[in-house]
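Student: Here is my input; please provide its structure:
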Amino acid sequence: MKNWTKIVIGALLISSIGLMGATGLGYDRDHEWKPESVNLALRQVAHQLYSLCENHTERIEAVQQSDESTFSIKLNEYIDYDQLPKIMDRALKDFDITNEYGVLVKSCDEEIIELGYTYVALERNDVACQGREHVLDCSLIELIIYEQKRKRPIWNYLLLTLLLGGVIGLLVYSYVASEKDLTKDIPSEDALTAEDSKISIGSFVLDHNNQSLTKDEEVVTLTFRESKLLHYLATHPNQVLSRDQIQANVWEDEGVIVGRSLDVFISRLRKILKSDTSIKIKSVHGIGYRLEV
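Tutor: This is a model prediction of the structure:
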């Protein structure tokens, strides 16, 4: 009972502090956004979009400002448009930019508008063209900031604060309840024995634990997702695997939603395996992929 008492008191204190501050949060603060903040927000967006594609080496281009309220940044990579709205909105909030806005995605060469949405559409969960594939391997993301401030209803903050107090209470309780089990060593689902970690694929040997692929003593280091994807394909040789199956077994447990990203990783694996002609990753139109060995 003592632990429960502490948990309840702690949750109530957190909720009370949040409720007292919520009256101020319900209104926009009296300040204007700064171009420097927009610059940093767009660079954060570019970094996160590159990270979704496992591209950690691409140089992030400088942000361009074409007029007082229009900013753009160039990405030399296929972007996950389904993830862009949430990433953009989170970045703007991180830098306290509270104005309404619009986003355009243009082709780098001709600057033709290919995709776009407004803050209002995001609020309604009605962003056009989400779920559809696009063919841009180089994109210009343009952010237009409007003068009108976003509406920030106080009740949203009140409800969020109450929920936060409850969640924290549950987390603390879970921690206390599991304290007695800390001495138990629970193996990870993805943990494999040294023997199970290694699997032969034609003339290659994949070591999933070490994320490496070896052929004739030549070792290729794979990224985490490359290794996980190849291991899943290799453990289901000559079987047609749907895109949904691959997503559920390779990505979904990590909270990552993939679209064209899967095709990008398949393309990378094909390049790595091309030296062995007995191995092919075949596309099965309208379904998914099959590793032929």
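Student: what about the stretch 1-150 of the chain, any weak spots by pLDDT?
Tutor: Scanning the stretch 1-150 of the chain for pLDDT under 70 picks out 1-31, 150.
Student: Val205 versus Glu218, what's the distance?
Tutor: 11 Å (C-beta to C-beta, to the nearest Å). To be clear about C-beta, it is placed using only N, CA and C from the backbone, and glycine gets the same treatment.
Student: got it, and Leu104?
Tutor: From Leu104 across to Val205, the span is 47 Å (C-beta to C-beta).
Student: returning to what we had before: which one's more surrounded, Glu218 and Val205?
Tutor: Set Glu218 next to Val205 and count neighbours by other C-beta atoms under 10 Å: Val205 wins out with 14 against 9.
Student: per-residue confidence at that one?
Tutor: Predicted confidence (pLDDT) at Val205: the value is 92.
Student: roughly how far apart are it and Thr214?
Tutor: Here Val205 is placed at a distance of 5 Å from Thr214 (C-beta to C-beta).
Student: you'd agree Cys38 is in a helix?
Tutor: Actually, residue 38 is Val. It isn't Cys. Yes: under DSSP: H, G, I helix; E, B strand; the rest coil, Val38 falls within a helix.
Student: Go ahead and confirm it touches Ser72.
Tutor: No: in this structure, Val38 is not within contact of Ser72 by C-beta atoms under 8 Å, at 10.5 Å.
Student: Enumerate every residue touching Leu40.
Tutor: With contacts defined as C-beta atoms under 8 Å, 6 or more residues apart in numbering, Leu40 is in contact with Phe95.
Student: Distance check, it against Lys34.
Tutor: For Leu40, the distance to Lys34 - C-beta to C-beta - is 10 Å.
Student: what does Glu217 give?
Tutor: From Glu217 across to Lys34, the span is 56 Å (C-beta to C-beta).
Student: Let's see the pLDDT reported for Asp253.
Tutor: With respect to pLDDT, Asp253 scores 59.
Student: okay, now Arg43: neighbour count?
Tutor: Neighbours of Arg43 under the rule other C-beta under 10 Å: 16.
Student: In terms of helices and strands, where is it?
Tutor: Arg43 belongs to helix 35-52 when assigned by DSSP states H and E.
Student: Could you list the alpha-carbon positions for that helix in PDB?
Tutor: Provided in PDB are the C-alpha atoms of helix 35-52 (Å, rounded to 0.1, in the frame of the first residue of the first chain):
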ATOM      1  CA  PRO A  35      14.000  33.000 -39.600                       C
ATOM      2  CA  GLU A  36      16.800  31.300 -37.600                       C
ATOM      3  CA  SER A  37      14.200  29.100 -35.900                       C
ATOM      4  CA  VAL A  38      12.700  28.100 -39.300                       C
ATOM      5  CA  ASN A  39      16.200  27.300 -40.600                       C
ATOM      6  CA  LEU A  40      16.900  25.000 -37.700                       C
ATOM      7  CA  ALA A  41      13.500  23.300 -37.900                       C
ATOM      8  CA  LEU A  42      13.900  22.500 -41.600                       C
ATOM      9  CA  ARG A  43      17.400  21.100 -41.000                       C
ATOM     10  CA  GLN A  44      15.900  18.900 -38.300                       C
ATOM     11  CA  VAL A  45      13.300  17.700 -40.800                       C
ATOM     12  CA  ALA A  46      16.000  16.900 -43.400                       C
ATOM     13  CA  HIS A  47      18.000  15.000 -40.800                       C
ATOM     14  CA  GLN A  48      15.100  12.800 -39.800                       C
ATOM     15  CA  LEU A  49      14.000  12.100 -43.400                       C
ATOM     16  CA  TYR A  50      17.600  11.000 -44.200                       C
ATOM     17  CA  SER A  51      17.700   8.900 -41.100                       C
ATOM     18  CA  LEU A  52      14.500   7.000 -42.200                       C
END
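Student: and for the helix or strand just after it, what are the contacting residues?
Tutor: As assigned by DSSP H and E, the chain's next helix or strand after helix 35-52 is strand 64-67. Strand 64-67 has contacts (C-beta under 8 Å, 6+ apart) with 35, 71-73.
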